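>>> the sequence and its predicted three-dimensional model are supplied below.
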Amino acid sequence: MRSARRAALILALAIVALAPRPAFAQQSGPTYVVQEGDTLTGIAQRFGISVDDLAAANGLNDPSSIFPGMSLSLPGFEGVSGILETRPVGAGENLESLALRYGLAAADLARLNHLVNPARLYVDQPLIVPVGEGGEVGTSADLVVPDGGGMLALAARAGINPWAIDRLNGGDARAWVIPESGVYLPGDGTPADALPTSVASISLTPSRPSQGRTEAVEVQLTEDDQVAGMLGDRTLNFMTPSEAPLSREALQGIYALAEPGLVDLALTVTPASGTPFTLVQPVRIEAGDYAREYVTVPSETLDPANTVPEDKEIAAVVAPATAQRLWDGVFQFPTDYHETFPSVFGTRRNYNGTGWNYYHTGLDLYGNPKTEIRAPAPGVVVFAGPLTVRGNATYIDHGWGVYSGYLHQSQIFVKPGDRVEAGQVIGMVGATGRVTGPHLHWEIWVGGVPVQPLDWTKRVYPPSESGG
């Protein structure tokens, strides 16, 4: 058996070394296609080369003679060829795996992109990479694996996931390869990337989350492994859909006052037996577009003696993530009138002139004590009662860490433990608590964070259920 594997390896290495490889016609460096608004100076600065060298490499006597669609050779990138395009970094990719995919040294990829911190490529980061004339990914000829070449280089040349080599060799494959060592090469054509073979893919929807919105993280597995993770300081509640046993999905709200910028997505995949795999990759939080408003309310509803314990009570109510997902499709509006709104989610608020220290955690809907409040989706009532700030309030658990809240009611028709269905009347609009008049304040909480309710009336969560 050992000799058979050794023979298979020698044959595979011979095929790898002799098989035709994609080659690019450009010999003097990668090709950049001039875009609208480009100048020769700007292109030179973008790629860290001098204007004179760029002009000389392309026979340009007049730097202003470039035009959109013109192809320019970039000097100073020996061993790099192809047409430069901008492509987003995917979840689970890093500089090394991307360099292998596009057939160039990691240092050249970092230089092409002026990467300040190459170790922290964030999800959806635009990255300049060389591709073939038809847009296909190529592998450069100087990655032919010699005796003693690297495991990752061998995997890239053979079109094999390096983790697959490790898995098929009992988990003891080395970072270098010697033909006589008897390392077995699989032939499944799995592309080289930074993920183990037990992880088919990782996706984020949207790829760039923003303040106050719902983020979906999906991990597709090839084996029945456990998945845990964090997005920033929030623990992700990974669930397994009944119809997709190898999928792990988590929904998480992004705090509406979160600081825009990079936060870490940390995922750990733990197999039934073997070593856990951990991925840490930054995700960019985008700023939301929210207005401001001044509001005058009763002073007792701003008193920390009332607000702090009440906020803690509700935070505890919406913290659990139950495993059964009770909703299906988009959420309905809880009242009939939803064409316009007295106040929308995320609006920065200044209460009684105390400063811009608050934001609107829900969506206000017009109504009066004769306006019915209906459940927007199936769920279980987990809170129903009077509060100082929220007034008469009801909270419904829809599963997977998703909750809806109904504040300032005049009447409550349900109690904790009641199972409600979409469209069922649960109360009446009122003017209790911190209000300026009768209305319904409607909240959606995801992963312990209030999010934009309108998203849930327009989009299907999780995105894998949308059919697109």
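Thanks, I have the structure now.
>>> nearest spatial neighbour of residue 130, skipping sequence neighbours?
residue 82 (3.1 Å; Cβ to Cβ, 6 or more residues apart in numbering). To be clear about C-beta, it is placed using only N, CA and C from the backbone, and glycine gets the same treatment.
>>> same for the helix or strand containing residue 56, what does it pack against?
Assigned by DSSP states H and E, residue 56 belongs to helix 51-57. Applying 3 or more Cβ pairs under 8 Å, 6 or more residues apart in numbering; DSSP states H and E, we find helix 51-57 packed against helix 40-47, strand 71-73.
>>> any idea how far the first one is from the middle of the chain?
Put simply, helix 40-47 sits 31 Å off its chain's centre (Cα atoms, centre = their mean, to the nearest Å).
>>> how about it: buried residues?
For helix 40-47, a neighbour-count test (16 or more other Cβ atoms under 10 Å) marks 40, 43-44, 47 as buried.
>>> next one: the last one
Within strand 71-73, the residues that count as buried by 16+ other Cβ under 10 Å are 72-73.
>>> neighbouring contacts of that strand?
With contact meaning Cβ atoms under 8 Å, 6 or more residues apart in numbering, strand 71-73 is reached by 26, 28-34, 43, 54, 57-58, 66, 83.
>>> ramachandran angles for residue 425?
Backbone dihedrals for residue 425, given as degrees, to the nearest 10, come out at phi -70, psi 130.
>>> what residues are bridge-paired with it?
Residue 425 has the following beta-bridge partners by DSSP bridges: residue 374.
>>> you'd agree it is up against residue 372?
Yes. The criterion here is Cβ atoms under 8 Å, and residue 425 meets it with residue 372 at 5.0 Å.
>>> and the strand or helix carrying residue 99, what's buried?
For residue 99, the host element (DSSP H and E) is helix 95-102. Across helix 95-102, burial judged by 16+ other Cβ under 10 Å covers 95-102.
>>> helix or strand next in line after it, which one?
Helix 95-102 is succeeded, C-terminally, by helix 106-112 (DSSP H and E).
>>> packing partners for that following helix?
If you count contacts as 3+ Cβ pairs under 8 Å, 6+ apart, helix 106-112 packs onto helix 95-102, strand 126-131.
>>> quick one, the last one and helix 95-102 angle?
Think strand 126-131. Angle, strand 126-131 to helix 95-102, by axes from the mean of the first three to the mean of the last three Cα atoms, to 10 degrees: 30 degrees.
>>> quick revisit: out of the helices and strands packed on helix 106-112, which gets nearest to residue 117?
helix 95-102 (9.9 Å; Cβ to Cβ).
>>> mean confidence score for that closest one?
Throughout helix 95-102, pLDDT has a mean value of 85.
>>> what do you get for stretch 228-245?
Averaged over stretch 228-245, pLDDT sits at 95.
>>> also stretch 61-68?
Average pLDDT, stretch 61-68: 90.
>>> in that stretch, what's buried?
Buried residues in stretch 61-68, defined by neighbour count with 16+ other Cβ under 10 Å: residue 66.
>>> and the contacts of it?
Under the criterion Cβ under 8 Å, 6+ apart, residues 34-36, 38-41, 51, 55, 60, 72 lie in contact with stretch 61-68.
>>> what about 10 Å?
Applying Cβ atoms under 10 Å, 6 or more residues apart in numbering, the external contacts of stretch 61-68 come out as 33-41, 43-44, 51-52, 54-55, 58, 60, 72.
>>> thinking again about what came up before, distance to residue 376 for the helices and strands packed on helix 106-112 - can I get that in CSV?
Shown next, in CSV, are the helices and strands packed on helix 106-112 (distance: least, Cβ to Cβ, whole Å):
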stretch, distance to residue 376
helix 95-102, 42
strand 126-131, 37
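>>> helix/strand/coil for residue 38?
Using DSSP: H, G, I helix; E, B strand; the rest coil, the secondary structure recorded for residue 38 is coil.
>>> ok, it to residue 30 distance?
As for residue 38, its distance to residue 30 is 16 Å (criterion: Cβ to Cβ, to the nearest Å).
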